[in-house]
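**Q** no sequence for this one, just the structure:
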């Protein structure tokens, strides 16, 4: 008994004496819980609404909002952790800085909304092959769901600040609450509002999470937020993140591009592509998000405290561990893709005769699971170095490659070809990102 107690005590001491290990395991667990509930949203949409013209219109409009959100969100939230980490080391006051970012991003989203409201409609009919009613519905749904973009950006900014303070678990767990609220209101309103209940559910869910993160930051960590107009520090942040925004614009444009090209393949193609993509994101998010949050926070704090030498070996070790775990898992998931698809989508209004097709689409996405995880970590490492120009070059190249591979593969494989294109581009990115990381680190060490 004493020996068993001693072993448990040693294991506990080993666990708690290693902050990165402790934070990674706990954050991954809460990420799993938070994201698991979120995964049920497309599952229930499939069960309640099936596939067809209306779901195509919604997923296309959701893709537009996702793209517009990433334009701002991809630049600001990816860069904010190193900035806050650096400010903490230098003991700078941050409440005004955070407030100015909220004001700046709010103004940017409002401007995007106005531009889209007055000039977006003709583009829907120009680039898609939707019917006129589908175009009208997609445009209306996009306007309805627009507030979500603002709530997501503000919530991600606050979550990024919390991550810099090593507060990971509760922001991740809040994703579960957000998704439950979203599902609840979609369920309550679908009989009255039809497809329009989905935007309402998303707005209420994201709004509730934003409020929770705000009170968590203010009450738990004592970090006050003072709304203010952008100043010199904000300008330095914007200068760094603007290139990241440009890179995110090109990178996230691939989501819109895939949906546009899927719309050329007939009714339900957009929905099937989205359902397969969501099923792929399930393991990609569970395996990567919690780990990446912890590593970028700990590595950023350590790096800007002057410990430059450890970043490369730390990154290499993490990449090896991810590969050794993700590669065999990818093979297993690919082999059982039909059973997985049937388990998740084989109920409700989803047509049984489309399950085989959906499983094949999911399989094409799963081919790129391992490089997707490797790329996520390489991407975060480059962000720590604040070398966002590299991201712009890579994003432009990937957009061109994705468009070319889409055209080639969809000619032979239809919607499956678009999913395969995504995986092929992920493999190409892995090699390029490793080269870019080493270039960025060497440049930083030479100038520091």
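**A** Done, it's in. The model shown is predicted, which means the values in this text are computed figures rather than measured ones.

**Q** list the contacts of residue 154.
**A** Going by Cβ atoms under 8 Å, 6 or more residues apart in numbering, residue 154 touches 102, 105, 106, 210. Heads up, the C-betas are built off the backbone N, CA and C, glycines and all.

**Q** so where is the stretch 301-448 of the chain shaky, pLDDT-wise?
**A** Counting by pLDDT under 70, the stretch 301-448 of the chain has low-confidence residues at 301, 303-307, 386-388, 448.

**Q** which of the contacts of residue 154 sits closest to residue 256?
**A** residue 105 (20.5 Å; Cβ to Cβ).

**Q** how many neighbours does that closest one have?
**A** If you count neighbours by other Cβ atoms under 10 Å, residue 105 ends up with 21.

**Q** quick one: it and residue 158 touch, right?
**A** No: contact criterion Cβ atoms under 8 Å: residue 105 and residue 158 do not qualify, at 11.2 Å.

**Q** any residues in contact with both of the two?
**A** Common neighbours of residue 105 and residue 158, counting by Cβ under 8 Å, 6+ apart, are absent.

**Q** what about the contacts of residue 154, which are in helices?
**A** Within the contacts of residue 154, residues falling in helices by DSSP state H are 102, 105, 106, 210.

**Q** and these as TSV, adding distance to residue 229 and pLDDT?
**A** Output for the ones in helices among the contacts of residue 154, formatted as TSV (distance: Cβ to Cβ, whole Å; pLDDT from 0 to 100):
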residue	distance to residue 229	pLDDT
102	11	80
105	13	77
106	12	81
210	21	91
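
**Q** please pick the buried ones from these.
**A** 102, 105, 210 (16 or more other Cβ atoms under 10 Å).

**Q** who's the closest spatial neighbour of the first one, skipping the chain neighbours?
**A** Using Cβ to Cβ, 6 or more residues apart in numbering and skipping the chain neighbours, the partner closest in space to residue 102 is residue 154 (5.9 Å).

**Q** return the set of buried residues in the helix or strand that that neighbour is a member of.
**A** In the assignment (DSSP states H and E), residue 154 maps to helix 132-164. Residues of helix 132-164 classed as buried by neighbour count (16+ other Cβ under 10 Å): 134-135, 137-164.

**Q** and that helix, how far out from the chain middle?
**A** Computed by Cα atoms, centre = their mean, to the nearest Å, the chain-centroid distance of helix 132-164 equals 13 Å.

**Q** after it, which helix or strand is next?
**A** Counting by DSSP H and E, the next helix or strand C-terminal to helix 132-164 is helix 169-193.

**Q** how far does that following helix sit from its chain's centre?
**A** 18 Å.

**Q** and the angle for it with helix 132-164?
**A** Relative orientation of helix 169-193 versus helix 132-164 (axes from the mean of the first three to the mean of the last three Cα atoms, to 10 degrees): 160 degrees.

**Q** what does the average pLDDT come to for helix 169-193?
**A** Across helix 169-193, pLDDT averages out at 88.

**Q** residue numbering should commence at 368 henceforth.
**A** Okay, residue one is now 368; in that scheme the one you just asked about reads as helix 536-560.

**Q** which strands or helices does it pack on?
**A** Counting contacts by 3 or more Cβ pairs under 8 Å, 6 or more residues apart in numbering; DSSP states H and E, helix 536-560 packs against helix 386-416, helix 499-531, helix 564-582, helix 636-670.

**Q** ok, now with 6 Å
**A** helix 386-416, helix 564-582 (3 or more Cβ pairs under 6 Å, 6 or more residues apart in numbering; DSSP states H and E).

**Q** mind listing what's buried along it?
**A** Within helix 536-560, the residues that qualify as buried are 536, 538-543, 545-550, 552-553, 556-557, 560, counting by 16+ other Cβ under 10 Å.

**Q** and the residue nearest to residue 514 when sequence neighbours are not counted, what's its pLDDT?
**A** Closest residue to residue 514 apart from its sequence neighbours, by Cβ to Cβ, 6+ apart: residue 570 at 5.2 Å. Residue 570 carries a pLDDT score of 94 in this model.

**Q** ditto for residue 391
**A** pLDDT, residue 391: 58.
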